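# Predicted coordinates and the sequence they were generated for:
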Amino acid sequence: MQSLVSSAGAGRIPGFSLLPLPCIHFGTGFLQVVGDIFKQCVSNILLVTGQRSLDRSGVLPRLVAKLESGGTTIFRMHVDREPSPEVINRAVAQYRSSNIAAVLSVGGGSVLDAGKAVSAMLPQQLPVERFIEGQEGFLQHDGRKVPFIAVPTTSGTGSEVTNNAVISNVGPEGFKRSLRHKAFVPDFAVIDPVLMTSVPRDLSAASGMDACTQLLEAYVSPFASPYTDALALSGLEHFSRSFIPVCTDRAGESSARSDIAYSALMSGIALANAGLGIVHGFASSVGGFFDIPHGTLCATLLLEATRENIRQLNALDRHHPALVKYGRAGEILSGKIAGDTHSGCALLLETLGLWQELLGFPALREFGIRESDIGRITAITRSKSNAVLLGEDNMRCILEARL
């Protein structure tokens, strides 16, 4: 019986365009590269970090000491949640007169997004709200920024290689949207799996499911290309062998963390060039109304969103190319050979269901979301890069299944 993974889709290669990439340094012990990047720099650096675990571990103090020994002055900014417009505007006002020569973010996705946004806004005089997509009076950013270096400490968002920073303003009239320009791709991305070995199980699961969602959504996107397909498949292969060990404390060595860090990196490049699907559409709408961590939302919605996509694709065309891709992903993530598209899709849903049960992804109601909220969520949810067009009734089915 032939695997779907080896029987896929020859044909004419469609045209595609690619965003630029940072100078990427990936590998165990590569944090030392950060010091080398600034070796000739004796100017001021804004260091953006999250919680103080890296300080307690001694990682950041050693890095700061190395930078300061070269004559660099370090300013510190702490971020403890997804950045709001107020956080970005306050930081820009505080550091605009400090002659910041570069912004260095060391942390999770929120920390990277905050640093990316501050880097982009330091040369600007208007508040960040004016440049956020979808906001009233939106202006296109001119791309000027302070050089930005991204060092992720979790494996999820892929922000270290994307051209957008997600800004959130949570509340009844809230939003969660992007500050975006191709120039916002970090100048350097340093991915050192050693920084991720102490990430707790729940955060490993949530951030990992964010990466998995990005890989899967970019893979089945109508805007995918052979380039993004190759990255997504490679990311899924590495993810499949190490995700559960990382989340269940069965991976003491760094190789498993390297797999997940690599998967997140691939997901970032893939999504930047192919777009994302309905789960990330919900991340924008639900994330604006309710205070729910991004990775947690991806984790809790991916199974039902994938189920609904497969259902609608089957109704449209049982031989749809996206169904073939879902089948291939099912084989990779399950580690089993299906032999046909339908069986591969079933394996995918089964695997996602097993993960949901094993890792206990929380229901939406745990974050205050009720059935009465669904209408206002679906009314503003958009996802032009989803594998298939979904109406509000389809989106309602996804959300109701996870209340």
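Yep, that arrived.
# average pLDDT for the lengthiest strand in the chain?
Determined from DSSP state E, the single longest strand within the chain is strand 100-107. Strand 100-107 shows a mean pLDDT of 95 in the predicted model.
# Name the surrounding residues that touch that strand.
The contact list for strand 100-107 (Cβ atoms under 8 Å, 6 or more residues apart in numbering) reads 34, 38, 41, 43-50, 54, 60, 63, 75, 79, 111-112, 114-116, 118-119, 122, 146-154, 195. In this view, the C-beta of every residue, glycine as well, is placed from N, C-alpha and C.
# Now, those that are in strands?
Among these, the residues falling in strands (DSSP E) are 44-49, 75, 148-152.
# Per the annotation, how does the protein divide into domains?
31-191, 199-400 (automatic domain parsing).
# how distant is the shortest one from the center of its chain?
Relative to the centre of its chain, domain 31-191 is centred 15 Å away, using Cα atoms, centre = their mean, to the nearest Å.
# One more: stretch 267-281?
8 Å.
# Quick check, central residue of this structure?
Thr157 (2.0 Å; Cα atoms, centre = their mean).
# the bottom helix or strand of this structure by mean pLDDT?
For the chain, using mean pLDDT, DSSP states H and E, the weakest element among its helices and strands is helix 53-57, scoring a mean of 70.
# in that helix, what's buried?
Leu54 (16 or more other Cβ atoms under 10 Å).
# For this protein, just list every one of the helices.
For the chain, the helices defined by DSSP state H occupy 32-37, 53-57, 59-69, 85-95, 109-121, 201-220, 226-247, 254-274, 278-289, 294-316, 321-334, 341-359, 374-380, 392-400.
# tell me what the first one is packed against?
Right, the one you point to is helix 32-37. Helices and strands touching helix 32-37, by 3 or more Cβ pairs under 8 Å, 6 or more residues apart in numbering; DSSP states H and E, are helix 59-69, strand 148-152, strand 188-191.
# any residues touching the shortest one, and which ones?
In this case it means strand 188-191. The contact list for strand 188-191 (Cβ under 8 Å, 6+ apart) reads 22-27, 30-31, 33-34, 37, 149-152, 160-161, 261-262, 265.
# What of the longest one?
Helix 59-69 is touched from outside by 31, 34-35, 38, 45, 47, 49, 54-55, 74, 106, 195, with contacts defined as Cβ under 8 Å, 6+ apart.
# Next, the buried residues of it.
59-60, 63-64, 66-67.
# Can you tell me which member of the residues you listed has the lowest pLDDT score?
Here the lowest pLDDT out of the buried residues of helix 59-69 sits on Val59, with 81.
# Show me the shaky parts of the stretch 301-403 of the chain.
Within the stretch 301-403 of the chain, no range satisfies pLDDT under 70.
# so what's Ile13 up against?
225-226.
# what stretches of the stretch 1-150 of the chain score poorly on pLDDT?
1-11, 40-42, 52-53.
# let's see it at 90
1-18, 29-43, 50-72, 80-81, 134-138 (pLDDT under 90).
# can you count the residues close to the nearest residue to Leu179 once chain neighbours are set aside?
Take Leu179 and drop its neighbours on the chain: the residue closest to it by Cβ to Cβ, 6 or more residues apart in numbering is Ala165, 4.7 Å away. By the criterion of other Cβ atoms under 10 Å, Ala165 has 28 neighbours.
# quick one: pLDDT of Ala165?
97.
# residues contacting it?
When contacts are taken as Cβ under 8 Å, 6+ apart, Ala165 is in contact with 83, 112-114, 116-117, 120, 159, 178-180, 184.
# which residues sit in contact with Lys39?
With Cβ under 8 Å, 6+ apart, Lys39 has these contacts: Gly70.
# swap in Gln32?
Not one residue lies near Gln32 by Cβ under 8 Å, 6+ apart.
# Try it again at 10 Å.
Contacts for Gln32 (Cβ atoms under 10 Å, 6 or more residues apart in numbering) come out as 25, 62-63, 66, 190, 192.
# need the ones in strands among the contacts of strand 100-107 in a markdown table with distance to Gly353 and neighbour count, can you?
Formatted as a markdown table, those follow (distance: Cβ to Cβ, whole Å; neighbours: other Cβ atoms under 10 Å):
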| residue | distance to Gly353 | neighbour count |
| --- | --- | --- |
| Asn44 | 51 | 15 |
| Ile45 | 46 | 23 |
| Leu46 | 44 | 24 |
| Leu47 | 42 | 21 |
| Val48 | 38 | 29 |
| Thr49 | 37 | 23 |
| Phe75 | 47 | 15 |
| Phe148 | 39 | 28 |
| Ile149 | 39 | 25 |
| Ala150 | 34 | 30 |
| Val151 | 35 | 28 |
| Pro152 | 29 | 29 |
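# got CSV for the residues you listed, with distance to Ile310 too?
Shown next, in CSV, are these (distance: Cβ to Cβ, whole Å):
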residue, distance to Ile310
Asn44, 52
Ile45, 48
Leu46, 45
Leu47, 45
Val48, 40
Thr49, 41
Phe75, 49
Phe148, 38
Ile149, 40
Ala150, 34
Val151, 37
Pro152, 31
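# Nice, that's everything, thank you.
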